[in-house]
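Participant: model the following, please.
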Amino acid sequence: MRFDYSQEQLMLIDSIRRTLQDLPATSVKANGSAGVVQPGTNEVASALASVGLFSMMLPEEDGGLGLGLVDGVAAAIETGRAAVPFPAIECMAGSLLIGKLHPDSVPQFTEGKLAITAPVHGGLEAKDGNHPAISGEVSIPFPAMAKLMVSSVSLGEGPARSILSEFDENAVEETDGIDLCYPVGKMHFSRQFSDNEIVPERIDMVLSVLASAELLGAAEHCLEKSVNYLKEREQFGKVIGTFQSLKHIAADCQVRLDAMRASVEYAAAIYDRFKAGGEDAPTLEEVENYVHIAKAYCSEAAQKIARECIQLHGGIAFTWEYGLHVHFRRISRLAFSAGTPNEHFEPLAGIAIDRAANYGGLGADPIL
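Facilitator: Got it, this is the predicted structure:
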């Protein structure tokens, strides 16, 4: 598959990047209070609405642009680069369902006046019946401002399905999280749903790909900041960027970034081909595998890049005022959101073992 952004997609990326650059850099007060974050959520919501982020993946029949996951990934890379203090990818995923399940809320949503959240940890399960009870313990970001929650629902042996539901803000218990720009609360969710409120959309895959894209954007920011620092900082009368050992570290980080970009953009493209259907459309299993690869790899690679960038800066990176910790924390949270690396590696390991056995690898008779 040949893949590259179209001219329209490049213009979209540039528009989102410029809009987010006009906002104050994401920062937290030095006392570590998650309640004092810049820029404010309303300011971010207004900026994202102005570039049509909430309408991008909203189906055309619901009044949106009907763009695919590839476009969503392009936008999520930029929100990850800016580490926006707003549930951007959750809103993009929720836009796929809001027109079907909450059509009256679409105008508020597209204007940035209604936010959608999604579980970052935990999961929901449904019991059998015409009005199945869906319940589970979940952690959700921005519980105080979000009005709707989009989530994947496990149906036992069958494929996962999805819901978009209101939730009781008063039932959410605030908890501490590593990402100080993403307030998180724990909630026990329990509600009965009718069959038409549970849709076959694979929100779990969409959220995994978008989280991978934000990981890519945050890691890119860390490396760009580090490379600029290497070009300016002098030690022993020389710019430290001329030191070979530091060049090697930066080059290794760039290689990881390129692999991250390839995995997440390919997963998004495969997903869009699957949704489009047709004779050459990939199977659901193929899409799932590429989503697992993207999220598993991006989670580990982004954490490695963030750690290396802290080391490339030396002592200044550990200071609160320098701000690198904002993206480091964002990466640490995203790596374990929408499925941990191990949860995504596990099905891939099973495939590898099966194929090794079928081709005479692990299952072959020993050679005497």
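Participant: pLDDT weak spots in the protein?
Facilitator: Low-confidence segments of the chain (pLDDT under 70): 1-3, 30-35, 128-130, 359-368.
Participant: report the longest helix in it, please.
Facilitator: Criterion DSSP state H: the longest helix present in the chain is helix 244-276.
Participant: tell me which element Lys186 falls in.
Facilitator: Lys186 is part of strand 184-192, with elements assigned from DSSP states H and E.
Participant: show me which residues of that strand are buried.
Facilitator: 184-187, 189 (16 or more other C-beta atoms under 10 Å). Backbone N, C-alpha and C define where each C-beta goes, glycine included.
Participant: all the strands of the stretch 51-200 of the chain, residue numbers only.
Facilitator: Along the stretch 51-200 of the chain, counting by DSSP state E, counting those that start in this stretch, strands occupy 115-117, 121-122, 124-126, 133-141, 146-154, 161-166, 172-175, 184-192.
Participant: helices or strands up against the shortest one?
Facilitator: Going back to what we said before, that points to strand 121-122. strand 133-141 (3 or more C-beta pairs under 8 Å, 6 or more residues apart in numbering; DSSP states H and E).
Participant: how about the strand it packs on: buried residues?
Facilitator: 134, 136, 138-141.
Participant: so what secondary structure elements neighbour that strand?
Facilitator: Strand 133-141 packs on strand 121-122, strand 124-126, strand 146-154, strand 184-192, going by 3+ C-beta pairs under 8 Å, 6+ apart.
Participant: JSON lines for the ones you listed, including distance to Gly63?
Facilitator: As requested, the helices and strands packed on strand 133-141 are exported to JSON lines (distance: least, C-beta to C-beta, whole Å):
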{"stretch": "strand 121-122", "distance to Gly63": "32"}
{"stretch": "strand 124-126", "distance to Gly63": "28"}
{"stretch": "strand 146-154", "distance to Gly63": "17"}
{"stretch": "strand 184-192", "distance to Gly63": "27"}
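Participant: of all these, which one is nearest Ala356?
Facilitator: Set against Ala356 and scored by C-beta to C-beta, the helices and strands packed on strand 133-141 come closest in strand 146-154, at 29.0 Å.
Participant: compute the inter-axis angle for the closest one and strand 161-166.
Facilitator: Going by axes from the mean of the first three to the mean of the last three C-alpha atoms, to 10 degrees, strand 146-154 is angled at 160 degrees with respect to strand 161-166.
Participant: which helices and strands sit right next to strand 146-154?
Facilitator: Applying 3+ C-beta pairs under 8 Å, 6+ apart, one finds that strand 146-154 contacts helix 88-101, strand 115-117, strand 124-126, strand 133-141, strand 161-166, helix 203-232.
Participant: name the surrounding residues that touch the second one.
Facilitator: In this case it means strand 115-117. With C-beta atoms under 8 Å, 6 or more residues apart in numbering as the test, strand 115-117 has contacts from 41, 45, 86-87, 90-91, 93-95, 98, 109, 140-143, 145-150, 164.
Participant: which residues touch Asp272?
Facilitator: With contact taken as C-beta under 8 Å, 6+ apart, Asp272 is in contact with 68-70.
Participant: rewinding a little: and the helices and strands packed on strand 133-141: which comes nearest Leu10?
Facilitator: Taking the helices and strands packed on strand 133-141 one by one with C-beta to C-beta, strand 146-154 is closest: 28.5 Å.
Participant: excluding chain neighbours, give the residue nearest to Gly52 in space.
Facilitator: Nearest-residue entry for Gly52: Leu65, 6.7 Å, with adjacent residues in sequence omitted and distances by C-beta to C-beta, 6 or more residues apart in numbering.
Participant: count of neighbours near the one you found?
Facilitator: Leu65: 15 surrounding residues under other C-beta atoms under 10 Å.
Participant: so it touches Ser55, yeah?
Facilitator: Yes: if you go by C-beta atoms under 8 Å, Leu65 and Ser55 touch, sitting 5.3 Å apart.
Participant: which ones are touching Val84?
Facilitator: 20, 23, 26, 44, 48, 181.
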